[in-house]
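Participant: Let me see the structure of the following:
(5 chains)
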Amino acid sequence: MLLKKNIPIGYVYGKIKYEILAVAVYTLIINVMYHYYDINYISIPLAVPMVLGTVLSLLLAFRSNQAYDRWWEARTIWGAIVNDSRSLGRQVLSLMNEPIESEDHRQFQRRFILRQSAWTYALAASLRKQDPLKGLENKLSRRELNYISQFSNVPAAILKLHARDIRYALRKQWINPYQQVAIDQILTRLCDSMGKCERIKNTVFPATYSLYTHFTVLFFIMLLPFALIDIFGAMEIPLVIAISASFLLIEKMAIHLQDPFENKPTDTPMTSICNTIERDLRQMLHEEDWNMQKTENKPQPAYYVM
Amino acid sequence: MLLKKNIPIGYVYGKIKYEILAVAVYTLIINVMYHYYDINYISIPLAVPMVLGTVLSLLLAFRSNQAYDRWWEARTIWGAIVNDSRSLGRQVLSLMNEPIESEDHRQFQRRFILRQSAWTYALAASLRKQDPLKGLENKLSRRELNYISQFSNVPAAILKLHARDIRYALRKQWINPYQQVAIDQILTRLCDSMGKCERIKNTVFPATYSLYTHFTVLFFIMLLPFALIDIFGAMEIPLVIAISASFLLIEKMAIHLQDPFENKPTDTPMTSICNTIERDLRQMLHEEDWNMQKTENKPQPAYYVM
Amino acid sequence: MLLKKNIPIGYVYGKIKYEILAVAVYTLIINVMYHYYDINYISIPLAVPMVLGTVLSLLLAFRSNQAYDRWWEARTIWGAIVNDSRSLGRQVLSLMNEPIESEDHRQFQRRFILRQSAWTYALAASLRKQDPLKGLENKLSRRELNYISQFSNVPAAILKLHARDIRYALRKQWINPYQQVAIDQILTRLCDSMGKCERIKNTVFPATYSLYTHFTVLFFIMLLPFALIDIFGAMEIPLVIAISASFLLIEKMAIHLQDPFENKPTDTPMTSICNTIERDLRQMLHEEDWNMQKTENKPQPAYYVM
Amino acid sequence: MLLKKNIPIGYVYGKIKYEILAVAVYTLIINVMYHYYDINYISIPLAVPMVLGTVLSLLLAFRSNQAYDRWWEARTIWGAIVNDSRSLGRQVLSLMNEPIESEDHRQFQRRFILRQSAWTYALAASLRKQDPLKGLENKLSRRELNYISQFSNVPAAILKLHARDIRYALRKQWINPYQQVAIDQILTRLCDSMGKCERIKNTVFPATYSLYTHFTVLFFIMLLPFALIDIFGAMEIPLVIAISASFLLIEKMAIHLQDPFENKPTDTPMTSICNTIERDLRQMLHEEDWNMQKTENKPQPAYYVM
Amino acid sequence: MLLKKNIPIGYVYGKIKYEILAVAVYTLIINVMYHYYDINYISIPLAVPMVLGTVLSLLLAFRSNQAYDRWWEARTIWGAIVNDSRSLGRQVLSLMNEPIESEDHRQFQRRFILRQSAWTYALAASLRKQDPLKGLENKLSRRELNYISQFSNVPAAILKLHARDIRYALRKQWINPYQQVAIDQILTRLCDSMGKCERIKNTVFPATYSLYTHFTVLFFIMLLPFALIDIFGAMEIPLVIAISASFLLIEKMAIHLQDPFENKPTDTPMTSICNTIERDLRQMLHEEDWNMQKTENKPQPAYYVM
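Facilitator: Residues are numbered from 1 along each chain as shown, chains lettered A, B, ... in the order given. Now for the predicted structure:
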């Protein structure tokens, strides 16, 4: 289960503090000019920022929608990874029909399921541009680690090891040809999820929209003090700051949501998800393999801390 | 069939009664200041809350859309659970080809179908953070209950028992390998539905949007009395309350809809759905197993009351 | 092919005639007060209903979108039922490989295909809360009718008969195990369509949205005459009626579209769809079974009238 | 590849020329009244059409969205028909494993692939309410033509011939049971595409929305000259015509897009798509069947002209 | 992994420089007329462009949404091509069960996987209307090149070679019938992706919407200087330029996004994607076929430069 990590508001406000300061100073200067130097003619009708505000709302709505969709798609893909990992575990344990349970067979299941857990960690790390091999030592054998370290795309290499093992199981007649095809379909779905994550990671939001929205926000904020000064006088300073903060905030939010694999607090919680998958897979496995449980739990207690 | 439970309006209004009271007092104070102390200069042009109202409408529309989508997705997932439970029941009864109907075989079908009903109750309970084992005594054997109580994810453990039984049926040659793969696909779909529910349950709506929308609503309500006082005078009090209530209400609605598994009246009606599934599955079963029907109906009549 | 039944406009207008009358009287009273008693101060600036109108447009757009989506989803589900019924018919006729065409085999195909037609009628009737068994006498045998009348969910019972017959065909070796699985997948899709219809039927649109929209419409209409009286004078009466009628109408439309299985003129045309399916299935069948055609066409000519 | 047929703008303007003329005369009359008879009091504030314009924009946006979705869905369905026709061709040529290529087998492949091309033409014609049998003489045998002419739903009858031929191929052991199921799945997809086209063809857009939008457009245009006359004087005539033309045009566009199978220039380009499919399928076929190519190209050169 | 190519802003601005210049000159002329010739009556109220601006925002939002959806769909299709290419590679390497690895078998796998890479380049080139055969020499044999050069649709021809090779593998008994069907499903998905790209390429965005939006933008820009001149005087020139540039820019952006296969900087980065696929496939292959790696890397180092 994923942690209900609240996105730290302080963190987001921290990101816009310089903008807020600039807005405050800017509005103050205009007020000083207006009141002390009597430059009254700088006031403009409220209708000008009003129409800009409407346009801006539509632009921000468009942008927020697309950013939210990217974020939610990322979340959905990782949800699918959870489901497919569990289904793969279930299939490896239940589709393999061997009359006599051999040690070789049990080792195979254990290796396969731990490797699936390794795959999720490797995918999360490579999406975050971290070392995908880190922390896989207790999930993969030394030989497997050596093998996958030769590839630039580590998760793809792990899937290849999966495919190889399934072929091995077919040769050993632990699975029949249908079951091979059924398990291979889950691998195809995992491969699809991996590709979808890469697509979101590597496709930038069209830059013109971002830029245009940003300029319109700035333009709107620059006009605002001139429009409110006649009505509110010095009271306009907190008002302008509050309105500017809202627009800047919602823009920042969209920027964060649209890139959901960037190691920021608003990210897809991939580490938590990987931990959940590992816990579920290990529990599936231990039960089949009950004797090993006690000795094994000790080396990696960290994974059960969420 | 699900109950046409109306979402109790009184319940929702109850939630905003303190806000409404605060708005009433606030507007009254402003009116007193305006009329009795002649502080007329506090009036502001209507255009200011008007532009805020437009922005707010767009924000609330965005938020309502996303909240509604989450709620409808939750409902669709539980609709899929109904469909897959029925299909699983049908497959267990019809895909198993045994020339001579043995008592063992019949027991197997009965156990499997009741376990599917148990799965739905366990999933509903664990999504609502209740004890997932409660009420499963008449659907699972003591041994199965002991087994699943060892797992932290009870519904996943029940699916594992399903998978095990399918392997057993294959070994007994009650099903052929294709049929095993076909039934396993339904298990994969159930596993997907479970994961999707967890995704919705555990992914919070981006906090910044919620917060920003909330602040904009408050800000709008705070400006409203100043803008309407010139036009409506004391008549503005009910007007401000009515408009404020509308905006607060629609915001509250979005908050409730966006978390559809929280044991609130606006929830996905999981208990009703589980009852429907149980009724349909039992009816499927009884018919095949007609003799048991009369004696069995008695212990759990509550399930047929909807 | 479905009938291009226009939704009767008169019917919908009939539904709002009392509201329209009330609006007319209300506006007339305000006019009389304004012109004959010179109560001029009741006039309010146009900006007030203007901002309300914008909010209302967004609310109605949200509501119309969701209602339209429900209606279109219902229509799409019934489109899928047409497709799956045809595919099932094709599969029953072409996937069954029997070297020598026996009378038993032909009877089987005929029974199966007519039962599929019966399923569509039963589903339509149970969604409309009508007797699902009515009119099935010439499509099902007496024994089948007796059987399904024991179930509360009649369409599910018919699907169960389908599944049983497929098992029977497998035992007779009319189909091979793959073909059984392929036909069973169509049954799963039909079961899904049935569940989706029930989901739409049994899930109410969130009541708060409906209520809030309704109150905002009323509030808007109540303010309108005060805003237009200064500009249009007595000419405002038809204007207010026209604008009110538009908003009331669009709201009513959304209410009708959002419940697409309620036996109203805007409904999903389920009876026409069922007739089309029956015609297509019978044509498929007769051709295989040409000799029966002439004698059989007589008893149910009504089905060919559309 | 589809032709990049531009939707003829002149054609669309032609459709609104009477409306434009009416608007011109109407605005002229109002101008004459205003200037020559000094009826100045007919002027109304700009705010009235302004709020109507906002509402109208939202209505037209809703309508354009739904119309565009229908049009795009129709286009997507025909895209799927292209894909499935090619896949079917590929499967018929490559899934059939016969050690010795017999003449009978080659004839079978040729007949099957040409029949698939015939299916696309028949579907296009029946969606446009034209004679579905026209032009199929060089794609189907006389016997097949006689057969399908007995059916009211010609494309469904062609699919049935497909299914029959697949059964024949299975009996001849040209394909194995899996391959039969795999090809049958493509037939199911074609059957789905056919049903989806019929759904779009036969489901009218909710009439109330159309009507309401139309009335609001008219109402807006009728108010416009009164609102602009004070500001622009006689200059308002081209202005009113330009604005009216825009709104009328966008409404007409929605009406055309929402019915994508009506033989209009904005239609789904079904004939071009059918030609493309035929070219691709014939090229697939000729290559396997190289000797026939030269003699055969002559009778139907028209199909290669796009 | 795709390159994070920023869409060059300068490039887009370059496209609107003539429009910007025209707007500047136009506004200047109006200012000169207003200030030096005292033609004050040309000023119009701000409300006129304001309402146009709202309508325009909705139109541009609709257009941007549809254009973005086309662009994102194109990107998603190419993401699916990446996934399916990897899955195909994995299946060719792992589903083929041969007890003794023969040279013939290894050659087959190598040829198949390189051909898949060739398919992606050919598809990208034919979507951009370039020579699809260019650069395929080191991925296909001379015989294959000769073969596919006879077809007008080169990617379809390559898929046909794939299908042929799968049939060959079945005859050689390297794969069993299930595996053939499983691999054929991937071919069907590739065929679908190809057809979807062609659909987007060949379906123009409805011309009336484009035209109407363009005219409304021009009309809005033409009215703007008249509305702002009273308020801002000569200061309006930069203001009008800034607002015009924004609207023109967002319109241009939509035009570029809506045609994602046109060889422009905002295109789907097909060449990068093809390079990534080639790198991944070659890495898969080399590993199985380790001895060849060193000698082969030399001829095409360019593909590894991204």
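
Participant: Tell me the residue of the stretch 1-150 of chain A that sits nearest chain D?
Facilitator: residue A:54 (9.3 Å; Cβ to the nearest Cβ). Any C-beta I mention is one placed from the backbone N, CA and C, and that applies to glycine too.

Participant: close to chain C, is the helix or strand harbouring that residue?
Facilitator: According to DSSP states H and E, residue A:54 maps onto helix A:47-94. No - Helix A:47-94 lies out of reach of chain C by Cβ under 8 Å from any Cβ of the partner chain, never closer than 9.2 Å.

Participant: ranges for the strands of the stretch 51-200 of chain A?
Facilitator: Applying DSSP state E, counting those that start in this stretch to the stretch 51-200 of chain A gives no strands.

Participant: Which positions in it make contact with chain B?
Facilitator: Counting by Cβ under 8 Å from any Cβ, the stretch 51-200 of chain A comes close to chain B at A:53-54, A:57-58, A:60-61, A:64-65, A:68, A:71, A:75-76, A:79-80, A:82-83, A:86-87, A:90-91, A:93-95, A:97, A:99, A:176, A:178-179, A:181-182, A:186.

Participant: circling back to that earlier point, I'd say the residue of the stretch 1-150 of chain A closest to chain D and residue E:54 touch.
Facilitator: Yes - between residue A:54 and residue E:54 there is a contact at 5.7 Å, judged by Cβ atoms under 8 Å.

Participant: Number of residues surrounding the residue in the stretch 151-300 of chain A positioned nearest to chain C?
Facilitator: In the stretch 151-300 of chain A, the residue that lies nearest chain C is residue A:178 (9.9 Å; Cβ to the nearest Cβ). Other residues within reach of residue A:178, judged by other Cβ atoms under 10 Å in any protein chain shown, total 22.

Participant: Look up how far chain E lies from residue A:84.
Facilitator: Look at residue A:84 and chain E: by Cβ to the nearest Cβ, to the nearest Å, they are 13 Å apart.

Participant: so how many other residues sit close to that residue?
Facilitator: Residue A:84: 24 neighbours (other Cβ under 10 Å).

Participant: Then the one 5 residues further on?
Facilitator: As a burial measure, residue A:89 scores 27 neighbours (other Cβ under 10 Å).

Participant: Isn't it up against residue A:115?
Facilitator: No - checked against Cβ under 8 Å, the pair residue A:89 and residue A:115 is beyond contact range at 10.9 Å.

Participant: what sits against the residue of the stretch 1-150 of chain A closest to chain D?
Facilitator: Counting by Cβ atoms under 8 Å, 6 or more residues apart in numbering or on different chains, residue A:54 touches B:51, B:54, B:55, E:53, E:54, E:57.

Participant: Any chance of JSON lines for these, columns pLDDT?
Facilitator: Listed next are the contacts of residue A:54 as JSON lines, based on pLDDT from 0 to 100:
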{"residue": "B:51", "pLDDT": "70"}
{"residue": "B:54", "pLDDT": "73"}
{"residue": "B:55", "pLDDT": "74"}
{"residue": "E:53", "pLDDT": "77"}
{"residue": "E:54", "pLDDT": "73"}
{"residue": "E:57", "pLDDT": "77"}
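
Participant: sorry, back to before: measure the residue of the stretch 151-300 of chain A closest to chain C to residue C:26 for me?
Facilitator: For residue A:178, the distance to residue C:26 (Cβ to Cβ, to the nearest Å) stands at 72 Å.

Participant: Go through stretch A:203-219 and flag the buried ones.
Facilitator: For stretch A:203-219, the neighbour count (16 or more other Cβ atoms under 10 Å in any protein chain shown) marks A:203, A:205, A:206, A:207, A:208, A:209, A:210, A:212, A:213, A:216, A:217, A:219 as buried.

Participant: What does the pLDDT read for the fifth one?
Facilitator: Confidence per residue is given as pLDDT, and for residue A:208 that number is 69.

Participant: same thing with residue A:20?
Facilitator: pLDDT for residue A:20: 87.

Participant: cool, and the one 3 residues further on?
Facilitator: The confidence metric pLDDT takes the value 91 at residue A:23.

Participant: Contacts only, for it.
Facilitator: Taking Cβ under 8 Å, 6+ apart as the contact definition, residue A:23 lies against A:221, A:240, A:241, A:244, A:245.

Participant: What number of residues are in the vicinity of residue A:118?
Facilitator: For residue A:118, using other Cβ under 10 Å, the count is 27.

Participant: Can you tell me the closest non-neighbouring residue to it?
Facilitator: Using Cβ to Cβ, 6 or more residues apart in numbering or on different chains and skipping the chain neighbours, the partner closest in space to residue A:118 is residue A:139 (4.0 Å).

Participant: That neighbour against residue A:114, yeah?
Facilitator: Yes - counting by Cβ under 8 Å, residue A:114 is a contact partner of residue A:139 at 4.5 Å.
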